[in-house]
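J.: Fold the following.
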Amino acid sequence: MKFQFPKRDLIFIIAVLLCCVGLYFVPSPSPVVSQSGTPTLGRVLSVDNSLVQQHGLVRYGSQRLEVELLEGQQKGKRFRANNELRAQMDLDKIFSPGDHALVILQENDTPENAVLVAQDHYRTGWGMALFAGFCLLLCIFGGWTGAKALFSFIFSCMVIWKAVIPLVLRGFPASWVIFGSVCLLTAVIIWLVAGLTRKGFSAFLGSAAGILAGLAMAHLFGYLMKINGAVLPFSQALLYSGYEFLDLQDLFIGAMILASSGAVMDLSMDIASGVEEIAFHNPQLPMKELIRSGLRMGRSVVGTMTTTLLLAYSGGYITLLMMFASQGTSPWTFLNNTLVASEAVKTLIGSFSLVLVAPFTAFTAGWFFRPKIKNSTDQ
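T.: Sure thing, here's the model as predicted:
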């Protein structure tokens with residue numbers, strides 16, 4: 001596939017890459033508790049399960065391992081290691097001979113005097129292979145547009161890890177930090193894909209308006225329904241790690257906005273692209289008709305997009321719903337459960353943003369593509 005490189009796209013991409021490099025060098029927050037030792041890659045040679053006990057569906061005890069280190073100054077040496085099982089299926093891991101594991105190696109450890117701690121399975125290798133396959137497929141299928149989408153993916157990861165998380169951990173209001181970051185990501189992603197064009201600006205303005213409306217509704221109904229932000233995974237552990245000042249409800253509201261922003265962005269881009277196509281084929285179509293066309297497209301897409309959010313959020317809590325069903329819990333009872341209510345609010349707020357972003361984008365796109373005395377189209 002032949003790639004074409006418009007100059008203004010290249011300038012924008014270079015700016016995004018420079019931002020990524022700058023974010024990479026932003027120092028992370030100082031850890032409250034420093035980790036003892038260095039995670040080191042090793043291969044499991046043998047396993048002794050004689051101290052592992054089975055109690056119902058869970059196992060507990062100590063799994064003894066013999067591992068060969070595959071990196072560092074001790075590469076090639078064999079160590080003993082322990083894998084402690086705590087009867088927690090979501091956290092425990094079981095090793096088998098041939099597995100690759102991360103073990104904690106202290107500076108002065110030697111095979112004769114040390115028993116290492118087996119931290120977890122090593123997953124980075126296959127994860128990087130999966131990511132490389134994704135990048136390759138995206139660039140082959142999408143061409144230059146796919147490459148720009150890849151840049152936006154990397155930029156999004158850097159903003160979340162190097163900007164959003166450190167700022168929230170330093171005490172800044174989580175919902176507003178995430179809202180500002182989502183607006184920034186929306187602008188960069190849309191303008192990378194659509195360029196600095198009328199389509200790009202109309203999609204961005206529609207998305208920003210929909211996200212802002214969703215933020216307002218999230219604050220209102222989070223308060224009215226008394227949603228406890230502690231439903232977020234590891235939130236209590238985070239508080240006890242030295243961040244007791246965090247407002248978990250505000251953090252939950254920000255998480256709702258972040259989770260729904262991708263669908264909002266997709267819908268706004270769909271409508272803006274459709275209006276652009278209509279205006280291209282009929283440049284004299286009045287603004288009122290362009291807006292009506294955008295609204296009709298929005299009605300067609302909103303139904304499936306809201307269901308997409310419902311299915312995505314339900315998938316994360318399918319086992320909880322199965323537990324309620326197995327206990328014969330009535331719908332009125334489990335709908336008032338904190339976990340179920342939080343997911344319901346998340347789904348409805350995301351759907352609320354989607355429903356609003358359709359008319360917002362239709363109006364902005366209709367205004368941008370309205371007929372002009374001297375007609376010109378963005379390339």
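
J.: show me the contacts for residue 232.
T.: Applying C-beta atoms under 8 Å, 6 or more residues apart in numbering to residue 232 gives the contacts 248, 251-252, 255. Glycine gets a C-beta too; all of them are placed from N, C-alpha and C.

J.: In helices only, show me those residues.
T.: 248, 251-252, 255 (DSSP state H).

J.: Quick one: which of the contacts of residue 232 is the most crowded by neighbours?
T.: residue 252 (23 neighbours; other C-beta atoms under 10 Å).

J.: thinking that residue is in contact with residue 225, fair?
T.: No - look at residue 252 against residue 225 with C-beta atoms under 8 Å: they stay out of range, at 11.3 Å.

J.: Surely residue 246 is in a strand?
T.: No - read with DSSP: H, G, I helix; E, B strand; the rest coil, residue 246 is coil and lies in no strand.

J.: Can you tell me which of the ones in helices among the contacts of residue 232 is closest to residue 339?
T.: Relative to residue 339, the closest of those is residue 252; by C-beta to C-beta it sits at 11.8 Å.

J.: Next, find the distance separating that closest one from residue 292.
T.: 38 Å (C-beta to C-beta, to the nearest Å).

J.: try residue 144
T.: Taken as C-beta to C-beta, the span from residue 144 to residue 292 is 33 Å.

J.: how about the biggest helix by length in the chain: buried residues?
T.: In the chain, with assignment by DSSP H, the single longest helix is helix 124-159. For helix 124-159, burial by neighbour count (16 or more other C-beta atoms under 10 Å) applies to 138-139, 144-148, 150-152, 155-156, 158-159.

J.: roughly how far out does it sit from the chain middle?
T.: Distance, stretch centre to chain centre, for helix 124-159: 14 Å (C-alpha atoms, centre = their mean, to the nearest Å).

J.: For residue 79, give me phi and psi.
T.: Residue 79 adopts backbone torsions of phi -130, psi 160, taken as degrees, to the nearest 10.

J.: Give me the neighbour count for it.
T.: 22.

J.: Which strand residues bridge it?
T.: Note on residue 79: beta-bridge partners by DSSP bridges are residue 67.

J.: shaky segments in this protein?
T.: With pLDDT under 70 as the threshold, the chain has low-confidence stretches at 1-9, 30-35, 373-379.

J.: Centre-most residue in it?
T.: When C-alpha atoms, centre = their mean is applied to the chain, the residue found nearest the centroid is residue 259 (7.0 Å).

J.: The helix or strand where residue 366 lies packs against which elements?
T.: Element membership for residue 366 (DSSP states H and E) is helix 338-368. When contacts are defined as 3 or more C-beta pairs under 8 Å, 6 or more residues apart in numbering; DSSP states H and E, helix 338-368 sits against helix 198-224, helix 248-281, helix 287-316, helix 318-326.

J.: Show me how this protein divides into domains.
T.: Following automatic domain parsing, the chain resolves into domains at 43-121, 171-368.

J.: Need the winner for burial among the ones you listed.
T.: domain 171-368 (a mean of 18; mean count of other C-beta atoms under 10 Å).

J.: hmm, back to that, for the contacts of residue 232, could you give me CSV that also reports distance to residue 369?
T.: Converted to CSV, the contacts of residue 232 look like this (distance: C-beta to C-beta, whole Å):
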residue, distance to residue 369
248, 44
251, 39
252, 38
255, 35
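
J.: Report the two of those separated the most.
T.: 248 and 255 (10.0 Å).

J.: partners of residue 84 in the sheet?
T.: residue 62.

J.: Would you check how far apart it and residue 119 are?
T.: For residue 84, the distance to residue 119 - C-beta to C-beta - is 11 Å.

J.: do the same with residue 68
T.: Counting by C-beta to C-beta, the gap from residue 68 to residue 119 is 16 Å.

J.: all helices for the stretch 1-150 of the chain, in order.
T.: 7-24, 124-159 (DSSP state H, counting those that start in this stretch).

J.: Could you dump the ones you listed into CSV with distance to residue 352 added?
T.: Compiled in CSV, the helices of the stretch 1-150 of the chain are given as follows (distance: least, C-beta to C-beta, whole Å):
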stretch, distance to residue 352
helix 7-24, 30
helix 124-159, 23
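
J.: Out of those, the one nearest residue 59 is which?
T.: helix 124-159 (24.8 Å).

J.: Moving along the chain from that closest one, name the first helix or strand you hit.
T.: Next along from helix 124-159, by DSSP H and E: helix 165-169.
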